[in-house]
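Trainee: Build the 3D model from these lines:
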Amino acid sequence: MKKAIILLFVVTFSLLSVQSQTYNPEREKIFNLVHTKLKVDFNFQNQTMNGEEWVTVKPHFYPSNKITLDAKAMLIHKVLLDNNKIQYTYENNKLIINLPRKYTRNEELTIYIKYTAQPEKVNQKGSNAITSAKGLYFINPTGEEKDKPTQIWTQGETEANSCWFPTIDAPNQKTSQEIYITVPNKYVTLSNGKLENQTENNNGTRTDYWNFTQKHAPYLFFMGIGEFEVIKDKYKDIPVDYYVEKKYAPYARDIFGNTPEMLEFFSKITGIEYPWNKYSQVICRDYVSGAMENTTAVIHGEHAHQTAGQLIDENTHENTIAHEIFHHWFGNLVTTESWSNLTINESFANYSEYLWLEHKYGKDEADAHLLEDTQGYKNGDNYDKHLVRFYYDDKEDMFDAVSYQKGGAILHMLRNYLGDEAFFKGLNTFLNDNKYGTAEAHQLRLALEKVSGKDLNWFFNQWYFNSGHPKLSISYDYNELDKTVTVNINQSQIFKDFQFPLAIDVFEGNKPKRHNVFVKDRNSSFTFKYNKKPELIQINANGVLLCDIEDKKSLEQYIHQLKYAENYAHKKEALLEISKQQENNDAFNAISNALNSNNFRIRKLALEKIDLSNKNSKKQVIKRIKDIANNDPKTLVQSSAIETLGKLTDINLKPIFNNALQSKSYSVMGKGLLALYYIDKESAIKKSKEIPNEVKDIIADPLTRIYINENDHTQLEFIAKNVISGMFLNSDKETQKLYKKAYGKIAKSNNTQAIKNLTNDIVKKGKKYKKYGFDNVGINMMRQMIDSQKTENTPNKIKNIAIIKKAMENLLK
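Mentor: Next up, the predicted model:
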């Protein structure tokens, strides 16, 4: 599963507090699932599902006359074995069935259950801080919301599919499945496996029969129902389909079109051809996370919907698409045996994003993504968490930056240590040895050891079964007589020492000499010869080691690093450091030279950081930026160039800004509009009113800045829909300040629709991120809104207060 947003809050764990958490082993196997057959239909009004199930099981090893199924918040109407009623008890979300005799591990039995699923009565924590992991979600079931389609979809991970069918809801179970889904004729359905047939019924409904003959875990079962357009593609002879809302059908291939190539690439590197009979993807409304790898039927959140004006900048969902595809090997074909070993699923899916970017766009782009991931891990309270950990409070806690980002970085280090051939051959061995089954981290180690012949206990003990990462303090000793330099590496982290391979580049002039060393001790030194004193020594030169480095460098060294370093992270680090010293001509020239970098991210960052305050002395650089604004092959770089030029408030730049308004790129258009506003308010405001509503939603930030600066109360309804995302889900501090100001204006306004839009979004986000305390944040925000409304005792203000109070009640439910 790909998380949409990971919100990181500081929690400090001591060794004692870790031990006080609950021990969470693999669930004991008393019975094994064999096959699951379901027949379902829906009551949209009541948001319930009528279900019939035939579940085939057999004892795992010991004879047993009692089976326990997970069945959350259900009405159980009937339980039969061989058409005979059998005794059962149903309490605490467990259906305990007493069998007429003991069955042995060589005997299968099929139990029939008639039941009603009641997802709205489920009360359990879910992924991405959902207040309740209901398993089965009805979206706008009665059609009351005019601008939202009616849909039904399911979300099983971690253990929520037992909210809509009784099962042994654990990742160490595997079962084949059949599902008969009955829906009104206007709806399209999607489930795992093959759509075998469709039967028209006499009452305006249709029954779709989906058959999945292979084995997978119960949390991977899926149903999706809605009015979707289906765009057909293929990989070899395997159907590849994209289910989207009708208005996004023209863009479906642009969003998902790399899917066949991804399937081919991942088949090649794993050495295992895509092992399932189809690959379908559907985009659903109000989805509770980023995406989910349900076998052959992947669901994506609505942020995957993009149009041409967004896709020309970048496909922001491409990494997620790759992530879910790779799960079909790591997670679906081989599944973690317990949530404690989630690294088997999510670390590999995370690393697949790097692998795909490296294959498709080159190493620089992959390294940029790796840097973003490792920073995400480091910025949270993750240092003391083990990658494999059996002690945690809730299984949902495992879905964090350690299982994802750090796990991916660890696999990158492991690949570098073993070499590509051994690494990928080891993955092939692991997958073949455990296919259609489950595994833990030790089995991964054994497979890699079997192929490489290397002992990897030290690596797994250090990175999988321990926490933290090296924190390195670097110093240098030069011997000018012997022409040697000694690099001293001190590990400053507390409690534990690491050992690791390390790449060190010694620059004599423009070209580095690479030295690969192995650090074994807390304090290590390595001596290298040189012909002339090095201009720069780059530690962790390939960027592979997950670590923090303290290495004091001069401006000249950072300039050399920016120009000649191999790794993207080092170039970015140097550019950021140099940008702090632009009063120095050499520093400014280094930033301006970076505008010509082959790496578009470096060009973009240079534009964002360059100081043009003394513009008269920097005409040549401004000329270059104007050329970038008009002609850079990357629209995101054009956008940054326009934003930089906009800060000059130069009327002579108006043609560039007007030209930007004709761009196919929404990013360029938005920045052009804001830049135009700074030099010609009347023209910019007029043009802002001409922008179609669907585009306005995408370029909300620049429009909001204009409307707030103009104190335009007619646009508060539009602004209100973006306030919460702008204040809390945006990392840019200036944007946060902008929307905080917007919140203040809306809070005291008379605009009832703006109040509704804002409170609706507060309730939606408050429920979605309740785990992180955002419900309390939302309540406090609405209390402040009430206080602001109370300053005037008018009928409209009284009405607004009533709306806010009702929203507070909804959030507190």
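Trainee: Contacts only, for residue 489.
Mentor: For residue 489, the set of contacting residues under the criterion of CB atoms under 8 Å, 6 or more residues apart in numbering consists of 472, 473, 474, 502, 519, 523, 524, 525, 526, 539. C-beta: built from backbone N, CA, C; applies to glycine.
Trainee: and those, which are buried?
Mentor: Listed as buried from these are 472, 474, 502, 519, 524, 539; burial here means 16 or more other CB atoms under 10 Å.
Trainee: so of those, which ones are in strands?
Mentor: Cross-referencing the buried ones among the contacts of residue 489 with the strands (criterion: DSSP state E) gives 472, 474, 502, 519, 524, 539 as the overlap.
Trainee: and which of these is nearest residue 181?
Mentor: Comparing those against residue 181 with CB to CB places residue 502 closest, at 55.3 Å.
Trainee: who touches that closest one in this structure?
Mentor: The neighbourhood of residue 502, defined by CB under 8 Å, 6+ apart, consists of 489, 516, 517, 518, 519, 539, 540, 545.
Trainee: wait, doesn't the fifth one sit right on residue 497?
Mentor: So the one you mean is residue 519. No. Taking contacts as CB atoms under 8 Å, residue 519 lies outside contact range of residue 497: 9.4 Å.
Trainee: which neighbours do those two share?
Mentor: Taking CB under 8 Å, 6+ apart as the criterion, residue 519 and residue 497 both touch residue 491.
Trainee: ok, and the closest non-adjacent residue to residue 520?
Mentor: Closest residue to residue 520 apart from its sequence neighbours, by CB to CB, 6 or more residues apart in numbering: residue 499 at 4.9 Å.
Trainee: re earlier: in CSV: the contacts of residue 489, plus distance to residue 99 and pLDDT.
Mentor: As requested, the contacts of residue 489 are exported to CSV (distance: CB to CB, whole Å; pLDDT from 0 to 100):
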residue, distance to residue 99, pLDDT
472, 61, 98
473, 65, 98
474, 67, 98
502, 60, 98
519, 59, 98
523, 65, 97
524, 63, 98
525, 69, 98
526, 67, 98
539, 64, 98
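Trainee: Closest one of these to residue 396?
Mentor: Nearest to residue 396 among the contacts of residue 489, with distances taken as CB to CB, is residue 472, at 33.7 Å.
Trainee: State whether that closest one and residue 524 are indeed in contact, as I suppose.
Mentor: No. When contacts are counted by CB under 8 Å, residue 472 is not listed as touching residue 524 (9.7 Å).
Trainee: where's residue 677, which helix or strand?
Mentor: Using DSSP states H and E, the element containing residue 677 is helix 666-679.
Trainee: Show me what that helix is packed against.
Mentor: Contacting helix 666-679 under the criterion 3 or more CB pairs under 8 Å, 6 or more residues apart in numbering; DSSP states H and E are the following elements: helix 308-311, helix 635-646, helix 654-660, helix 681-689, helix 700-709.
Trainee: Most tightly packed of the ones you listed?
Mentor: Each of the helices and strands packed on helix 666-679 was assessed for mean neighbour count using mean count of other CB atoms under 10 Å. The highest is helix 635-646, with a mean of 24.
Trainee: I'd like to know which elements that helix is packed against.
Mentor: Of the remaining helices and strands, those touching helix 635-646 by 3+ CB pairs under 8 Å, 6+ apart are helix 600-609, helix 619-631, helix 654-660, helix 666-679.
Trainee: Redo these as TSV? Include distance to residue 776 and mean pLDDT.
Mentor: Output for those, formatted as TSV (distance: least, CB to CB, whole Å; pLDDT from 0 to 100):
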stretch	distance to residue 776	mean pLDDT
helix 600-609	35	98
helix 619-631	44	97
helix 654-660	42	98
helix 666-679	33	98
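Trainee: so how many other residues sit close to residue 107?
Mentor: When neighbours are defined as other CB atoms under 10 Å, residue 107 has 12 of them.
Trainee: Check what pLDDT it gets.
Mentor: pLDDT for residue 107: 98.
Trainee: residue contacts, it?
Mentor: By CB under 8 Å, 6+ apart, the contact set of residue 107 is 58, 59.
Trainee: show me what contacts residue 196?
Mentor: Residue 196 makes contact with 209, 210, 211 under the criterion CB under 8 Å, 6+ apart.
Trainee: swap the cut-off to 6 Å and go again
Mentor: 209, 211 (CB atoms under 6 Å, 6 or more residues apart in numbering).
Trainee: How is it assigned, secondary-structure-wise?
Mentor: Here residue 196 takes the strand state, with states given by DSSP: H, G, I helix; E, B strand; the rest coil.
Trainee: do the one 10 residues further on as well
Mentor: Judged by three-state DSSP, the three-state class of residue 206 is strand.
Trainee: what's the burial count for the residue lying closest to it once chain neighbours are set aside?
Mentor: Nearest in space to residue 206, with sequence neighbours left out and distances taken as CB to CB, 6+ apart, is residue 185 at 5.1 Å. As a burial measure, residue 185 scores 11 neighbours (other CB under 10 Å).
Trainee: Surely residue 185 touches residue 203?
Mentor: No. Taking contact to mean CB atoms under 6 Å, the distance of 9.8 Å between residue 185 and residue 203 leaves them out of contact.
Trainee: Tell me the confidence at residue 265?
Mentor: You'll see residue 265 listed with a pLDDT of 98.
Trainee: The one 5 residues further on now?
Mentor: Per-residue confidence (pLDDT) for residue 270: 98.
Trainee: now do residue 201
Mentor: Residue 201 is assigned a pLDDT of 98 by the prediction.
Trainee: residues near it, how many?
Mentor: Under the neighbour criterion other CB under 10 Å, residue 201 is assigned a count of 12.
Trainee: same thing with residue 479?
Mentor: When counting by other CB under 10 Å, one arrives at 11 neighbours for residue 479.
Trainee: Report the beta-bridge partners for it.
Mentor: According to DSSP bridges, residue 484 are recorded as the beta-bridge partners of residue 479.
Trainee: Check the gap between it and residue 403 for me.
Mentor: Going from residue 479 to residue 403 by CB to CB, to the nearest Å gives 46 Å.
Trainee: So, low pLDDT: which residues of this protein?
Mentor: Flagging of the chain using pLDDT under 70 yields the residue ranges 4-20, 125-132, 616, 771.
Trainee: The residue lying farthest from the centre of it and residue 307, how far apart?
Mentor: When distances to the mean C-alpha position of the chain are computed (CA atoms, centre = their mean), the maximum falls on residue 481, with 54.1 Å. The spacing between residue 481 and residue 307, counted by CB to CB, is 67 Å.
Trainee: what do you get for residue 719?
Mentor: From residue 719 over to residue 307 the distance is 22 Å, taken as CB to CB.
Trainee: What lies in contact with stretch 720-735?
Mentor: Residues contacting stretch 720-735 (CB under 6 Å, 6+ apart): 700-701, 736, 739-740, 742-743, 746, 754, 757-758, 761, 765.
Trainee: Apologies, that question was intended for stretch 54-66.
Mentor: The contact list for stretch 54-66 (CB under 6 Å, 6+ apart) reads 29-37, 98-99, 101-105, 108, 110-112.
Trainee: If anything else comes up later, I'll come back, but that's it for now.
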